[in-house]
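**Student:** Give me the fold of what follows.
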Amino acid sequence: MLVQLKDPLPVEGRDDLERWYGIPFVARHWGLAKDGFDIGWQFAAPVGQGGFPDKWIAGWVHLPEPPK
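**Tutor:** Numbers count the residues shown, from 1 in each chain. This is a model prediction of the structure:
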């Protein structure tokens, strides 16, 4: 999915997160685990793997199927 973060993010006292405000990126939401835990939005980048809580997501769209 193509995801966009909120601008600004709904956090206080985290000036280090300003670089993430409003950016779009490709991510995956794994859904819920068997115990009901929301695994959240995950992404992979050259800096490593990370995740964001639902409340930070402004919106998303599914990416089209790859060409055949």
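
**Student:** List the strands paired with the helix or strand of the chain with the lowest mean pLDDT, with their directions.
**Tutor:** Least confident helix or strand, the chain: strand 48-52 with a mean of 73, by mean pLDDT, DSSP states H and E. Next to strand 48-52 in the sheet, as set by DSSP bridges, lie strand 41-45 (antiparallel).

**Student:** Which residue, other than its chain neighbours, is closest to residue 63?
**Tutor:** Leaving aside its chain neighbours, residue 63 sits nearest to residue 2 (5.9 Å; criterion: Cβ to Cβ, 6 or more residues apart in numbering). Every residue, glycine included, has its C-beta placed from N, CA and C.

**Student:** so the one you found sits right up against residue 26, yeah?
**Tutor:** Yes. If you go by Cβ atoms under 8 Å, residue 2 and residue 26 touch, sitting 6.1 Å apart.

**Student:** The chain: strands as residue ranges?
**Tutor:** 2-5, 24-26, 28-29, 41-45, 48-52, 57-61 (DSSP state E).

**Student:** Just the buried residues of the fifth one, please?
**Tutor:** In other words, strand 48-52. For strand 48-52, a neighbour-count test (16 or more other Cβ atoms under 10 Å) marks residue 52 as buried.

**Student:** Keeping just the C-alphas, turn that strand into PDB.
**Tutor:** Presented in PDB, the C-alpha positions along strand 48-52 are these (Å, rounded to 0.1, in the frame of the first residue of the first chain):
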ATOM      1  CA  GLY A  48      16.200  -0.700   8.700                       C
ATOM      2  CA  GLN A  49      12.700  -1.900   9.400                       C
ATOM      3  CA  GLY A  50      10.200   0.100  11.400                       C
ATOM      4  CA  GLY A  51       6.600   0.600  12.200                       C
ATOM      5  CA  PHE A  52       4.000   3.300  12.900                       C
END
